[in-house]
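Next input, structure requested:
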Amino acid sequence: MKVAVMGAGAVGCYYGAMLARAGHEVVLVGRPSHVAAVEAHGLRLQTSAFDAHVPLAASTEASAVQGADLVLFCVKSTDTEAAAAQIAPHLAPDALVLTLQNGVDNDARVRSVLASNDVAAAVVYVATEMAGPGHVKHHGRGELVIAPSRRSEEMARHLEAAGVPTHISANVRGALWAKLILNCAYNALSAITQLPYGVLVQGAGVTDVLRDVVAECLAVAKAESVDVAGDTEAAVRGIAQTMPTQYSSTAQDLARGKLSEIDHLNGLVVRRGEALGVPTPANRVLLVLVKLLENKQQATKVEK
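Modelled structure (predicted):
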């Protein structure tokens, strides 16, 4: 099977490398420095169980998705429509595009561009980071929950065989919201403080803030008629236990001076709350603080 990873960051590289190790043909589509490192040495995948250089292909061009049976769509939420348009001319008619992104509406946004292709949402539970060009560190977990589609069962079998626990769920929307709530609870706080989850939760008053953020998210989800999957409060408590050394993706973005996906996390909850008449003051404060930090960084870049 040929697999293409569109937006080869930490998440896409992890799953791409796992599939490549299982014998599938994998190509990563990413930034030039990352592509050059992969072409020279393979992708270094560092986990608690092994540290290996995985040979696979890499390209800076969206046309590399041509012929792929499975496209792992992993771009930032801010780039969703643009990236979908880039791959549209090159997709095989029967390709499955699996959206492995933060947020709850990316599959619909991709589907609006790729109307004739099979698009399915995936909920990602993995702790990874880019340690440098061509180097991914895996800190824990790795499960996927994917929506039903024509080829979902086939792809789930391949992922399972590659060591990726995969579950097909008819309530992926509820699972996406459950993941969104985890991101809203932790991402901004980790970014603002530049602390990993395990240290973050030990701060005075942090658990109270987490509780407030989660309560607002659940209220918005209820107003949206979303059946949020699982025990949300237990999941929020468990994140710090299962991923104690993990920094949020928002924290990693800010640390690198990049714009984050905060508008699609706490920002989405604030916007939907406004539309539905649900107050979201805790989420609004976190959104504003992260945006202020982003604006400060961008202003500093301009001054330099």
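
for the longest strand seen in the chain, what is the average pLDDT?
The single longest strand within the chain, with elements called by DSSP state E, is strand 118-132. Averaged across strand 118-132, pLDDT comes to 93.

Ok, stretch 27-37 next?
Average pLDDT, stretch 27-37: 97.

again with stretch 8-18
97.

So what touches that stretch?
Stretch 8-18 is contacted from outside by 3, 5-6, 26, 28-30, 34, 43, 45, 54, 56, 58, 72, 74, 100, 124, 126, 128-130, 136-138, 142, 144, 159, 162-164, using CB atoms under 8 Å, 6 or more residues apart in numbering. Backbone N, C-alpha and C define where each C-beta goes, glycine included.

Check what pLDDT the spatially closest residue to Ala68 that is not a sequence neighbour gets.
Excluding the flanking residues, the one nearest Ala68 by CB to CB, 6 or more residues apart in numbering is Ala4, at 3.9 Å. Listed pLDDT for Ala4 reads 98.

How far does the helix or strand where Ala4 lies sit from its chain's centre?
Per DSSP states H and E, Ala4 falls inside strand 2-6. On the basis of CA atoms, centre = their mean, to the nearest Å, strand 2-6 sits 16 Å off its chain's mean C-alpha point.

still on that earlier bit, give me the neighbour count for the residue nearest to Ala68.
When neighbours are defined as other CB atoms under 10 Å, Ala4 has 31 of them.

Val214 now?
Neighbours of Val214 (other CB under 10 Å): 20.

picking up where we left off before, buried residues in the longest strand of the chain?
Within strand 118-132, the residues that qualify as buried by neighbour count (16 or more other CB atoms under 10 Å) are 118-130.

Select, from these, the two members most distant in space.
Asp118 and Glu129 (30.4 Å; CB to CB).

can I assume His139 sits in a strand?
Yes. If the criterion is DSSP: H, G, I helix; E, B strand; the rest coil, then His139 is within a strand.

Strand 118-132 and the host helix or strand of Ile192, what's the angle between them?
Using DSSP H and E, Ile192 sits in helix 172-193. On the basis of axes from the mean of the first three to the mean of the last three CA atoms, to 10 degrees, helix 172-193 is oriented at 20 degrees to strand 118-132.

ok, back up a step: if we look at the strand holding Ala4, which residues are touching it?
When contacts are defined by CB under 8 Å, 6+ apart, strand 2-6 is touched by residues 12-13, 15-16, 19-20, 24-30, 62, 64-65, 67-75, 83, 87.

who does that strand pair up with?
In the sheet, strand 2-6 lines up against strand 25-29 (parallel), strand 70-73 (parallel) (DSSP bridges).

In this structure Val110 contacts Val119, no?
Yes. Counting by CB atoms under 8 Å, Val119 is a contact partner of Val110 at 5.1 Å.

thinking again about what came up before, relative to Met155, which of the buried residues of strand 118-132 is nearest.
Using CB to CB, the buried residues of strand 118-132 come closest to Met155 at Ala120, 8.6 Å.

So that closest one sits against Val145, correct?
No. Assessed by CB under 8 Å, Ala120 is found out of contact with Val145, at 10.7 Å.

which stretches of the chain aren't confidently modelled?
Residue ranges of the chain with pLDDT under 70: 302-304.

all strands for it, in order.
2-6, 25-29, 43-46, 51-54, 57-59, 70-73, 96-99, 118-132, 135-146, 166-168.

wait, which of those is closest to Val226?
Closest among the strands of the chain, using CB to CB: strand 118-132, at 13.3 Å.

orientation of that closest one relative to strand 135-146 in degrees?
Using the same axes, to 10 degrees: strand 118-132 against strand 135-146 is 160 degrees.

Extract the C-alpha trace of the strand holding Ala4 and format it as CSV.
Extracted in CSV, the C-alpha atoms of strand 2-6 (Å, rounded to 0.1, in the frame of the first residue of the first chain):
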residue,chain,number,x,y,z
LYS,A,2,1.2,3.5,-0.8
VAL,A,3,0.8,6.1,2.0
ALA,A,4,1.3,9.8,1.7
VAL,A,5,1.6,12.2,4.7
MET,A,6,0.5,15.7,3.8
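
In a markdown table: the strands paired with strand 2-6, plus mean neighbour count and distance to Ala204.
Listed next are the strands paired with strand 2-6 as a markdown table, based on neighbours: other CB atoms under 10 Å; distance: least, CB to CB, whole Å:
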| stretch | mean neighbour count | distance to Ala204 |
| --- | --- | --- |
| strand 25-29 | 25 | 43 |
| strand 70-73 | 27 | 40 |
